[in-house]
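Undergrad: Take this sequence and fold it.
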Amino acid sequence: MSGIAFVGCDGAPARPRAAPASRPRAARQEGGPRRVIDVHAHCAFPQAMALMGLRYPSHAHPGLPQVLKVEEDQIPARVAAMDAQGIDMQVLSINPFWYRAEPDLAREVVQMQNEALAEVVGRRPDRFAALASVALQHPELAAEQLEHAVRKLGLSGAMIGGSVEGQELADPAFDPFWAKAEALGVLVFIHPQGTPELAKRLSGSGGLGNVIGNPLETTIALSHLIFEGTLDRFPGLKILAAHGGGYLPAYAARSDAGIRTFPGTYTTPLRKPPTAYLKNLYYDTIVFTPEALRHLAAEVGADRLMLGTDFPYPWTDRAVAHIRETAGLTEAERASMLGDLAARLLAIEVDG
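TA: Sure thing, here's the model as predicted:
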C-alpha cells in the first residue's frame, strides 16, 4: 500500500488539538445511531502525489503537505483519535490536486489512490469507508473511474472539487459523470478548492482564503447546479455539500427573490423554486454553533444532515456533542445525523 498520510482538507498536515486519552467506544445508546459516522475526513497518498511531480513534504506548492515524514502506519493513531472523539467510522476522501493532468497521468494517479483507499478500508472495514477519486477534468474517464471504484473496489461514492480548473460543475461537459453517478445511486461529496481568483481580496490577516473562500466556492457551485438546471437533468443525484453547504442555506430565500426581482436574469427555467432544491441535497454539520445547526436543519431538513469533522484539522473536537446538544432536534433526528443516514446512503454495514 502507498503510505497513507492523514491530512487537512488542503493537504496540509494539520495539528489537531490534544485529544483525551483513547478510550473504548461507548456502547450504543438506546434510540441512538447504530454507528457514529464522520463523512468528512481527509487523507493523502504521497506516492500518488509524486506522479504529479509533487514532493511530500512540499515547500514549493501552497496547500500541499508540510510535514517532516510520513509514518509507516498512521492508522492506529487515527483510530485512537476517532475513539477519543466518540467516532466509530470515518469516510476518507482526498481533495483533488490532479485536475490539470492529461488523461494517461490522471488515470494513473486516480487508479493508485483508489486502490490504496480500498486497501485501507479492507484493513479496517469496521472503522473506515472511502470516497473515490475521479479525474473530473476528463468527464468520460471520470465516469469510468467511478463505476470501477464502486463496482470493483467497493468504494462508497466519490469526492470532487467545487470547480475544475475554473470550470463550473454545472457545465454540460460534466454531464457524463453526473449521469453515471445518478445511475449508480452513489453519493458525490463536493468539497471546495477555494477561490484563487479572489486571492488578493482574501489576503492578509484571518486566513480568509480558507475561512471565507472555501464556503464561498461551495455556495457558487451549488447555485450553478441549481440555476443551470443540472439538478433537473439528474434529479436522482445524491450530493453532499461540505461545510454545511457554504453560505447558501443561510441566505437561500434571496435566490427565490432574485427571480421575482430580476426576472431577466432567469434564463434557464426550473421545475421548482431554487430553495426547493436545497431539500434534495445533503450537508455535513460543520457549522460550529447549535443555533447554526438548528437553522441549517430548519432550512434544508434535519434528515439531510450528516456528522462531519474535517479531521484532522482542529476545527472542532466536539462534533458529536454539537449534534447531541442542539436544541429542538428529536432523538431520531440526532441518530440520523450521527450516523444512520450516512450508513444508509453509503451502504455501510452497521452490524458486526
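Undergrad: Where does the prediction get shaky in the stretch 51-200 of the chain?
TA: 56-72 (pLDDT under 70).
Undergrad: Next, please give the residue ranges for the strands of this structure.
TA: With strands called from DSSP state E, the chain shows them at 37-42, 89-93, 128-130, 157-161, 163-164, 167-168, 187-191, 238-241, 282-284, 305-306.
Undergrad: Out of the ones you listed, flag the one nearest residue 105.
TA: Taking CB to CB, strand 163-164 is the member of these nearest to residue 105, at 15.6 Å. Quick note: C-beta positions are derived from backbone N, CA and C, even for glycine.
Undergrad: where's the residue most central in space within the chain relative to residue 204, distance?
TA: The chain has residue 189 as the residue nearest its centroid, 4.3 Å off, counting by CA atoms, centre = their mean. In this structure, residue 189 and residue 204 are 30 Å apart, going by CB to CB, to the nearest Å.
Undergrad: With residue 237 instead?
TA: 38 Å.
Undergrad: which one of these two has more residues nearby?
TA: residue 237 (19 against 9; other CB atoms under 10 Å).
Undergrad: In contact with that one: list those residues for me.
TA: Neighbouring residues of residue 237 by CB atoms under 8 Å, 6 or more residues apart in numbering: 178, 181-182, 188, 231.
Undergrad: what number of residues lie near residue 281?
TA: 22.
Undergrad: which regions of the stretch 201-350 of the chain lie under the pLDDT threshold?
TA: 350.
Undergrad: Could you write out the alpha-carbon coordinates of stretch 82-100 in PDB?
TA: Taking C-alpha atoms only, stretch 82-100 is exported to PDB below (Å, rounded to 0.1, in the frame of the first residue of the first chain):
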ATOM      1  CA  MET A  82     -11.500   8.700  16.500                       C
ATOM      2  CA  ASP A  83     -12.100   6.800  19.700                       C
ATOM      3  CA  ALA A  84     -11.300   9.900  21.700                       C
ATOM      4  CA  GLN A  85     -14.000  11.900  19.800                       C
ATOM      5  CA  GLY A  86     -16.600   9.200  20.000                       C
ATOM      6  CA  ILE A  87     -16.500   8.400  16.300                       C
ATOM      7  CA  ASP A  88     -16.900   4.800  15.200                       C
ATOM      8  CA  MET A  89     -16.200   5.300  11.400                       C
ATOM      9  CA  GLN A  90     -14.700   7.800   9.100                       C
ATOM     10  CA  VAL A  91     -15.300   8.200   5.400                       C
ATOM     11  CA  LEU A  92     -11.900   9.100   3.900                       C
ATOM     12  CA  SER A  93     -11.500  11.300   0.900                       C
ATOM     13  CA  ILE A  94      -8.700  13.100  -1.000                       C
ATOM     14  CA  ASN A  95      -9.100  16.700  -2.000                       C
ATOM     15  CA  PRO A  96      -8.200  16.900  -5.800                       C
ATOM     16  CA  PHE A  97      -4.800  18.000  -6.800                       C
ATOM     17  CA  TRP A  98      -4.800  16.300 -10.200                       C
ATOM     18  CA  TYR A  99      -7.200  18.300 -12.300                       C
ATOM     19  CA  ARG A 100      -4.500  19.700 -14.500                       C
END
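Undergrad: before we move on, back to that, if you look at the contacts of residue 237, which of them are in helices?
TA: Counting by DSSP state H, the contacts of residue 237 place 178, 181-182, 231 in helices.
Undergrad: Most neighbours of all those residues, which one?
TA: residue 181 (26 neighbours).
Undergrad: With adjacent residues omitted, what lies nearest to that one?
TA: Counting by CB to CB, 6 or more residues apart in numbering, residue 188 is the residue found nearest to residue 181 once chain neighbours are left out, at 5.1 Å.
Undergrad: Report the beta-bridge partners for that neighbour.
TA: residue 158, residue 239 (DSSP bridges).
Undergrad: what's the burial count for it?
TA: 24.
Undergrad: Surely it touches residue 238?
TA: Yes: using CB atoms under 8 Å, residue 188 is in contact with residue 238, at 6.7 Å.
Undergrad: between these two, what contacts are shared?
TA: Common neighbours of residue 188 and residue 238 (CB under 8 Å, 6+ apart) are 157, 181.
Undergrad: ok, back up a step: may I have the residues that are in contact with the residue nearest to residue 181?
TA: 157-160, 181, 237-240.
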